[in-house]
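Asks: Pasting the sequence and the predicted coordinates here, then a few questions.
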Amino acid sequence: MDLAAVTEHSALHAKPAGLTLQYGTAGFRTKAEHLDHVMFRMGLLAVLRSKQTQSTIGVMVTASHNPEEDNGVKLVDPLGEMLAPAWEEHATCLANAEEQDVTRVLVDISEKEAVNLQQEAFVVIGRDTRPSSEKLSQSVIDGVTVLGGHFHDYGLLTTPQLHYMVYCRNTDGQYGKATIEGYYQKLSTAFVQLTKQASCSGEDYRSLKVDCANGIGALKLKEMQHYLAQGLSVQLFNDGTKGKLNHLCGADFVKSHQKPPHGMEMKPDERCCSFDGDADRIVYYYLGAEGHFHLIDGDKIATLISTFLKELLLEIGENLNIGVVQTAYANGSSTRYLEEVMKVPVYCTKTGVKHLHHKAQEFDIGVYFEANGHGTALFKKAVEMKIKQLAKELDNKKQKAAKMLENIIDLFNQAAGDAISDMLVIEAILVLKGLTVQQWDALYTDLPNRQLKVKVADRRVISTTDAERRAVTPPGLQEAIDALVKKYKLSRAFVRPSGTEDVVRVYAEADSQANADSLAQEVSLAVF
Ligand code: 16G
Ligand code: ZN
């Protein structure tokens, strides 16, 4: 390591005095103007991680659904996964080191992690459409090159596309080609193959309105459109040509306000969906004939997908284990439907994709979704091979199911939840099952629910257990919540400190909206 060069370049990306940041659930996130030093240092860290794993590492510059003025960065591990926890700590240490300590912290990390400094390093970089992202990604590159790392800058990409690139590069192209064309080709081929097998193909199945949150999803969907040819016609709204990123639109807005995004023309019964600012989350919705807004969130997406996969497995006659992974935010009705009607085992983990992803890897087929629309399905390598084999061998009806499964495996982005890929999976399943958006919505009825955020002096006084469903501290809080929950029917409530904002989040559900609202209100008073 040329430590003198690191010191010299680091001074060009000086840390604002007194600023401390933490590598949180989705990396670093804050106002863009405070991030230059973090970007440079994450470039350095990516080189060390690449040397240690002898693999390509990804760096994504984005702040997802946060306001346009914010930005953020996260590292992507070799199999397209989130950064390993020990390295999250190194990231926090390095980002917060004072100028004179940067090289010492770098050396410490290399020693602790037994990094072979002679090893080559390769880093791939992607960024979203924020005005600040281009310059910030240059600072990442500066960090990579000063440590002698090689890099490829993909420029504008959705977050899940960068995860895909990393995964492809570290599996010798077996997962797919590590180019943007490779991504479009893999997904569109699988989609076209899959939908070809549908018996009905009414016009209404094939058009979809997409709110792109004025973000990267719009650019990438436009690029992808001609690959999909006649397979699906998407009409883009909030495509970034007029509005501001994530402002009054996008998946996060729609999910948390439970209303349509601005800038979208909706007619009753039309199928619509929203991406978030970096296109790793998706929710669906429609207006009922009576003009009411109906939200179809990540829970209902997981239900559609796992039901379809289970039906295919039954048809093929393979006894593979399938599991669904949710978080405490999953609507109680979805959990009940999956367990009692579909007889699919459901597991709950802490909030944050890495927890769900990790759990889902335990199953032959693991489907995971957060209620907010972040999720995908994972297939064990051996299962993929077996299905490919069966698709060649089985006779007629079974073979058709095996082929469908083979195609749908290719359609999922198994590196990360992906709005584009999930959208194509959902569209394919709807057409194959001949379901309208209303029929899908009618699988079960969501329990009315309410989320609130509460500002407290120190959110760290709240700690939780049982996948964030129960509070351990402060003493007496859980007992108070239990007593409040007892007052309502079909009720449930929990509190948890946010991993991305300085607030405590409160979730409540009950038999009516008024009751869910008042339970949430009462629980937030108990938090003080
Ligand atoms: C991050 C997570 C998201 C989670 C959210 C919770 C990733 C890529 N993103 O955005 O999955 O739902 O944090 O935020 O893991 P909170 O802790 O503020 O409620
Ligand atoms: Zn996102």
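Replies: Yes, it's here. Residues are numbered from 1 along each chain as shown. Ligands and ions are numbered 1, 2, ... in the order given.
Asks: Could you tell me how many residues sit around residue 322?
Replies: Using other CB atoms under 10 Å, residue 322 has 19 other residues around it. For the C-beta atoms, the positions are set from N, CA and C on the backbone; glycine is no exception.
Asks: contacting residues around it?
Replies: 306, 309, 310, 313, 344, 345, 363, 364, 365, 366, 367 (CB atoms under 8 Å, 6 or more residues apart in numbering).
Asks: Please name the nearest non-neighbouring residue to the fifth one.
Replies: Residue nearest to residue 344 in three dimensions, not counting chain neighbours: residue 338, with 4.9 Å by CB to CB, 6 or more residues apart in numbering.
Asks: you'd agree the one you found is up against residue 305?
Replies: No - checked against CB atoms under 8 Å, the pair residue 338 and residue 305 is beyond contact range at 11.0 Å.
Asks: Between these two, point out the one with more neighbours.
Replies: For residue 338 versus residue 305, neighbours defined as other CB under 10 Å are more numerous around residue 338 (26 against 23).
Asks: what about the more buried one, distance to residue 401?
Replies: Applying CB to CB, to the nearest Å, one obtains 21 Å for the distance of residue 338 from residue 401.
Asks: What residue in this structure comes nearest to ligand 2?
Replies: Residue nearest to ligand 2 within the chain (CB to the ion): residue 64, separated by 3.2 Å.
Asks: since we're on that residue, how many residues are nearby?
Replies: The criterion is other CB under 10 Å. On that basis, residue 64 has 27 neighbouring residues.
Asks: List the residues that contact it.
Replies: When contacts are counted by CB under 8 Å, 6+ apart, residue 64 touches 26, 29, 72, 128, 159, 276, 277, 278, 280, 281.
Asks: how about 10 Å then?
Replies: With contact set as CB atoms under 10 Å, 6 or more residues apart in numbering, residue 64 has these partners: 26-27, 29, 70, 72, 74, 128, 159, 213, 215, 246, 250-252, 276-281, 374, 500.
Asks: Show me which of those are buried.
Replies: 26-27, 29, 70, 72, 74, 128, 159, 213, 215, 246, 250-252, 276-281, 374, 500 (16 or more other CB atoms under 10 Å).
Asks: give me the subset of these touching ligand 2.
Replies: Cross-checking the buried ones among the contacts of residue 64 against ligand 2 (CB under 5 Å from the ion) gives 276, 278, 280 as the overlapping residues.
Asks: From these, pick the one nearest residue 517.
Replies: Ranked by distance to residue 517 (CB to CB), these are led by residue 276 at 25.4 Å.
Asks: Kindly state the pLDDT recorded for the closest one?
Replies: You'll see residue 276 listed with a pLDDT of 98.
Asks: Show me the strands in the stretch 51-200 of the chain, by range?
Replies: For the stretch 51-200 of the chain, the strands identified by DSSP state E, counting those that start in this stretch occupy 56-61, 70-76, 122-127, 150-156, in order along the chain.
Asks: Check the average confidence over the helix or strand harbouring residue 385, would you?
Replies: For residue 385, the host element (DSSP states H and E) is helix 381-393. Across helix 381-393, pLDDT averages out at 93.
Asks: and if you look at stretch 256-264?
Replies: 94.
Asks: Quick check: phi and psi at residue 283.
Replies: The phi/psi pair for residue 283 (degrees, to the nearest 10) reads phi -130, psi 150.
Asks: need the contact list for the nearest residue to it once chain neighbours are set aside.
Replies: By the measure of CB to CB, 6+ apart, the closest residue to residue 283 outside its immediate chain neighbours is residue 373, 4.4 Å from it. The contact partners of residue 373, by CB under 10 Å, 6+ apart, come to 251-252, 254-255, 273-276, 280-284, 296-299, 301, 417, 419, 422.
Asks: next one: residue 309
Replies: For residue 309, the residues meeting the contact criterion (CB under 10 Å, 6+ apart) are 320, 322, 324, 344, 365, 367, 377, 379, 404-405, 408-409, 429.
Asks: what pLDDT does it get?
Replies: 97.
Asks: And for the one 4 residues further on?
Replies: In the prediction, the pLDDT value recorded for residue 313 is 95.
Asks: Let's see the pLDDT reported for the nearest residue to it once chain neighbours are set aside.
Replies: The spatially closest residue to residue 313, leaving aside those adjacent along the chain, is residue 320, at 5.8 Å (CB to CB, 6+ apart). Reading off the per-residue confidence, residue 320 sits at a pLDDT of 93.
Asks: Doesn't residue 320 lie inside a helix?
Replies: No - counting by DSSP: H, G, I helix; E, B strand; the rest coil, residue 320 is located in no helix; its state is coil.
Asks: What count of nearby residues applies to it?
Replies: Counted with other CB under 10 Å, the neighbours of residue 320 add up to 18.
Asks: Run a quick neighbour tally on the residue lying closest to residue 207 once chain neighbours are set aside.
Replies: Excluding the flanking residues, the one nearest residue 207 by CB to CB, 6+ apart is residue 233, at 4.7 Å. Here the neighbour count serves as a burial measure; for residue 233 (other CB under 10 Å) it reads 12.
Asks: Just send the ones next to ligand 2 among the buried ones among the contacts of residue 64 back as JSON lines, with secondary structure and distance to ligand 1 too.
Replies: Output for these, formatted as JSON lines (DSSP: H, G, I helix; E, B strand; the rest coil; distance: CB to the nearest ligand atom, whole Å):
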{"residue": "276", "secondary structure": "coil", "distance to ligand 1": "9"}
{"residue": "278", "secondary structure": "coil", "distance to ligand 1": "9"}
{"residue": "280", "secondary structure": "coil", "distance to ligand 1": "7"}
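Asks: where exactly do the helices run in the stretch 251-400 of the chain?
Replies: Per DSSP state H, counting those that start in this stretch, the stretch 251-400 of the chain carries helices over the ranges 251-257, 298-316, 332-336, 353-360, 381-393, 396-411.
Asks: Of these, give the one that comes closest to ligand 1.
Replies: Of all the helices of the stretch 251-400 of the chain, it is helix 353-360 that lies closest to ligand 1, at 3.5 Å by CB to the nearest ligand atom.
Asks: which residues sit against that closest one?
Replies: Under the contact criterion CB under 10 Å, 6+ apart, helix 353-360 has outside partners 25-26, 77, 80-85, 88, 280-281, 323-327, 347-350, 352, 366-370, 374-379, 414-417, 467-468.
Asks: how does it look with 7 Å?
Replies: Under the criterion CB atoms under 7 Å, 6 or more residues apart in numbering, residues 81-82, 325, 327, 347, 349, 366-368, 370, 374-375, 378, 417 lie in contact with helix 353-360.
Asks: close to ligand 1, is it?
Replies: Yes - on the criterion CB under 6 Å from any ligand atom, helix 353-360 is in touch with ligand 1 at residue 353.
Asks: Show the average pLDDT along that helix.
Replies: Across helix 353-360, pLDDT averages out at 96.
Asks: that older thread, against residue 379, how distant is the residue nearest to residue 313?
Replies: Relative to residue 379, residue 320 is positioned 9 Å away (CB to CB).
Asks: Identify the contacts common to the two.
Replies: Common neighbours of residue 320 and residue 379 (criterion: CB under 7 Å, 6+ apart): residue 365.
Asks: What parts of this structure come near ligand 2?
Replies: By the rule CB under 5 Å from the ion, the part of the chain lying against ligand 2 is 64, 276, 278, 280.
Asks: mind running it again at 8 Å?
Replies: 26, 62, 64-65, 159, 251-252, 276-281, 374 (CB under 8 Å from the ion).
Asks: Of these, which is the nearest to residue 39?
Replies: The nearest member of the residues of the chain next to ligand 2 to residue 39, counting by CB to CB, is residue 62 at 11.8 Å.
Asks: How many residues are close by the closest one?
Replies: Per other CB under 10 Å, the neighbour tally for residue 62 reads 33.
Asks: Closest approach to ligand 1 from the stretch 101-250 of the chain, which residue is it?
Replies: residue 159 (7.6 Å).
Asks: Test my guess that that residue contacts residue 62.
Replies: Yes - when contacts are counted by CB atoms under 7 Å, residue 159 is listed as touching residue 62 (5.7 Å).
Asks: Between the two, which contacts overlap?
Replies: By CB under 7 Å, 6+ apart, the residues touching both residue 159 and residue 62 are residue 278.
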